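>>> curious how this folds, go ahead:
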Amino acid sequence: MSYEYGLFIGGEQRPATSGRVIEVTNPATGQVIGQVPAADEANVADAVAAAKAAAPEWAGTSQSRRARHLYDLARAVTEHADELATMETQDMGKPITVSRKVDLRSAPEAIEYFAGMANKIEGRTVPVPGRFLNYTVREPYGVVAGIIPWNYPLLQAIWKLAPALMAGNAVVLKPAEQAPLSPMELVRLAHEVGFPAGVINAVPGYGPEAGAALCAHRDVALIAFTGSVETGQAIGRAAADRVVPVLLELGGKSPTIVFEDAAVKAAVTMAFTAIFTNQGEVCTAGSRLLVHESMHDAVVSGLLDMIEKKAVVGDPMDPATTVGPLLDAEQLKRVQGYVDRARDGGAKLLTGGRTRSVSGLDSDLFLEPTVFDEVDNRSELAQQEVFGPVVGVSTFADEADAVALANDVDYGLAASIHTRDIGRAHRVAGQLKCGNVWINSWGNVHSASPYGGYKMSGHGREMGFAVMEALTQEKSVWVSTR
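Sure, this is the predicted structure:
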């Protein structure tokens, strides 16, 4: 099957002004499975103009009517779940089981959650001195730019679109050029179920062209971005020049912390899941395994045994596969570079570190699950986001040492704590400098719970009521009662 989309601008599909297209390749097979236009500055300007024209009427639409549009979209996503899951897997290599059981289970629920915000976006009355009535109202910004990554394209598109739309904003979405298909299908479905023309626009294209033009456009009132630190910094600078707010989620270097009283089997299972889910191409991947020195041998041997028995590197369309291919040759080169430098730098390679061929598939993008031991916490492997199936093991002596090691990175997105001491669990959670902490678990994300990072993992929050506040601005109104 070949997927083809035009740019979605003002309720219509159209080619790029330049006529250029982006060919979308299945990383598991190397085959071209679709194409989208490569939007340029002129296309972005048209999309922003369409959003600006549609924004006032959409902002004046009742919250309950906006919600009905979102509920219709949630139903459409549910009805097309199999197609969207297949598209997600073929587009970026995610195992089909994850696409079906995680992405497509969460997608309609997320849309419905934000639809449920109808009539909950409200102001307040402020007790002020004097003969005045002071009240506030929350209003949409107008045109919101949503720029998303390639690792969870459908969910990321929903997390950018649904709350912004419910808040009364019009949106210009820029999917990642590496994996644009499911976001484009989502936008197509939104138009099919009746969203007004111009309220949702989509301009797939390359970051330095479409992304930069979108961030620099004078009529974009807020930018919501998920991706790399480097790109986030560039977006932040562009936004600063125009003094517009930015929501940034920029990845992480998340520790999995295993204390001496942890249930070993459960901790090993979580450590395995935290780093090898979606080939480690996850912002909250548990790429640092911090283990109490007394537990080192048991945890490491348990992890290696689980890799041997449970890690199935293979065709992502096979339900038995747990580790699919990396996104593309550039991503493989990046991850392999970290592996090679860690090996040369003194970390002890316990397993993996090599690419593997998969029978019947013409792709060299499959990297074996990789474990390094004796990793120095100041090393590149411990400090930088690898974004692949690579974990480094380090040991700690006590609780204070564990917290110090966990916090001694520039990132602060997430952490996972494993202990049967409830007091310790809460003490450590309170000391970790990160936006998400999981106790005896990993990866719990829900639309009702705010999600975001500390330090170089970004600022602002996705999901929860926090994002509704971030996507609206508060106006204070004073009324004289004289």
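>>> quick one, strands of the stretch 151-300 of the chain?
Assigned by DSSP state E, counting those that start in this stretch, the strands in the stretch 151-300 of the chain fall at 170-174, 200-202, 222-226, 246-249, 255-258, 288-292.
>>> so what are the sheet partners of the third one and their directions?
If you go by DSSP bridges, strand 222-226 pairs up with strand 143-147 (parallel), strand 246-249 (parallel).
>>> now do it against strand 170-174, angle only.
Taking axes from the mean of the first three to the mean of the last three CA atoms, to 10 degrees, one finds strand 222-226 and strand 170-174 inclined to each other by 30 degrees.
>>> how far off centre is strand 222-226?
Relative to the centre of its chain, strand 222-226 is centred 12 Å away, using CA atoms, centre = their mean, to the nearest Å.
>>> who's in contact with that strand?
Applying CB atoms under 8 Å, 6 or more residues apart in numbering, the contact partners of strand 222-226 are 141, 144-149, 156, 159-160, 164, 169, 214-215, 231-232, 235, 238-239, 244-250, 283, 460, 462, 471. Glycine gets a C-beta too; all of them are placed from N, C-alpha and C.
>>> of these, grab the buried ones for ChimeraX.
To isolate the buried ones among the contacts of strand 222-226 in ChimeraX, judged by 16 or more other CB atoms under 10 Å, type:
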select :141,144,145,146,147,148,149,156,159,160,164,169,214,215,231,232,235,238,239,244,246,247,248,249,250,283,460,462,471
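>>> so which of the contacts of strand 222-226 are in helices?
Among the contacts of strand 222-226, the members found in helices (DSSP state H) are 156, 159-160, 164, 214-215, 231-232, 235, 238-239.
>>> any low-confidence regions in the stretch 1-150 of the chain?
1 (pLDDT under 70).
>>> so which residues of it form helices?
Per DSSP state H, counting those that start in this stretch, the stretch 1-150 of the chain carries helices over the ranges 41-60, 63-79, 81-92, 96-98, 104-115.
>>> can you add distance to residue 174 and give the strands paired with strand 222-226 back as CSV?
As requested, those are arranged in CSV below (distance: least, CB to CB, whole Å):
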stretch, distance to residue 174
strand 143-147, 5
strand 246-249, 14
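>>> wait, which of the ones you listed is closest to residue 411?
The closest of the strands paired with strand 222-226 to residue 411 is strand 246-249. By CB to CB, the value is 11.3 Å.
>>> domains of this protein?
If you go by automatic domain parsing, the domain ranges for the chain are 3-250+457-480, 255-447.
>>> from the chain's centroid, how far away is the longest one?
Right, domain 3-250+457-480. Centre to centre, stretch against its chain (CA atoms, centre = their mean), the figure for domain 3-250+457-480 is 13 Å.
>>> does residue 85 touch residue 104 like I think?
Yes - counting by CB atoms under 8 Å, residue 104 is a contact partner of residue 85 at 4.8 Å.
>>> for residue 3, what are its contacts?
24, 33-35, 87, 181, 184-185.
>>> who's it bridged to?
Under the criterion used (DSSP bridges), residue 3 bridges to residue 34.
>>> how close does it sit to residue 316?
As judged by CB to CB, to the nearest Å, residue 3 and residue 316 stand 17 Å apart.
>>> and the nearest residue to residue 437 once chain neighbours are set aside, how far is that from residue 435?
In this structure, residue 437 finds its nearest non-sequential neighbour in residue 429, 4.5 Å apart by CB to CB, 6 or more residues apart in numbering. Using CB to CB, residue 429 is found at 12 Å from residue 435.
>>> neighbour-wise, which of those two wins?
Higher neighbour count among residue 429 and residue 435: residue 435, with 22 against 14, using other CB atoms under 10 Å.
>>> so how far is residue 456 from that one?
Distance, residue 435 to residue 456, by CB to CB: 12 Å.
>>> which residues do the two both contact?
residue 412.
>>> as a check, name the ranges of all helices in the stretch 251-400 of the chain.
Counting by DSSP H, counting those that start in this stretch, the helices of the stretch 251-400 of the chain are 264-276, 296-310, 329-344, 380-383, 399-407.
>>> single out the most deeply packed of the ones you listed.
helix 264-276 (a mean of 21; mean count of other CB atoms under 10 Å).
>>> off-centre distance for that one?
21 Å.
>>> got the CA coordinates for that helix in PDB?
Extracted C-alpha coordinates of helix 264-276, given in PDB (Å, rounded to 0.1, in the frame of the first residue of the first chain):
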ATOM      1  CA  VAL A 264      14.700  -8.400  41.800                       C
ATOM      2  CA  LYS A 265      12.500 -10.000  39.200                       C
ATOM      3  CA  ALA A 266      10.100  -7.100  39.100                       C
ATOM      4  CA  ALA A 267      13.000  -4.500  38.900                       C
ATOM      5  CA  VAL A 268      14.700  -6.400  36.100                       C
ATOM      6  CA  THR A 269      11.400  -6.600  34.200                       C
ATOM      7  CA  MET A 270      10.900  -2.800  34.500                       C
ATOM      8  CA  ALA A 271      14.600  -2.100  33.600                       C
ATOM      9  CA  PHE A 272      14.200  -4.300  30.500                       C
ATOM     10  CA  THR A 273      10.900  -2.600  29.500                       C
ATOM     11  CA  ALA A 274      12.300   0.900  30.200                       C
ATOM     12  CA  ILE A 275      15.100   0.700  27.700                       C
ATOM     13  CA  PHE A 276      14.000  -1.700  25.000                       C
END
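>>> that helix to helix 296-310, inter-axis angle?
In terms of direction (the same axes, to 10 degrees), helix 264-276 departs from helix 296-310 by 60 degrees.
>>> average pLDDT for helix 264-276?
For helix 264-276, the mean per-residue pLDDT is 98.
>>> how far away is the closest residue to residue 252 other than its chain neighbours from residue 289?
In space, and not counting its chain neighbours, residue 252 is closest to residue 413: 2.9 Å by CB to CB, 6+ apart. Counting by CB to CB, the gap from residue 413 to residue 289 is 16 Å.
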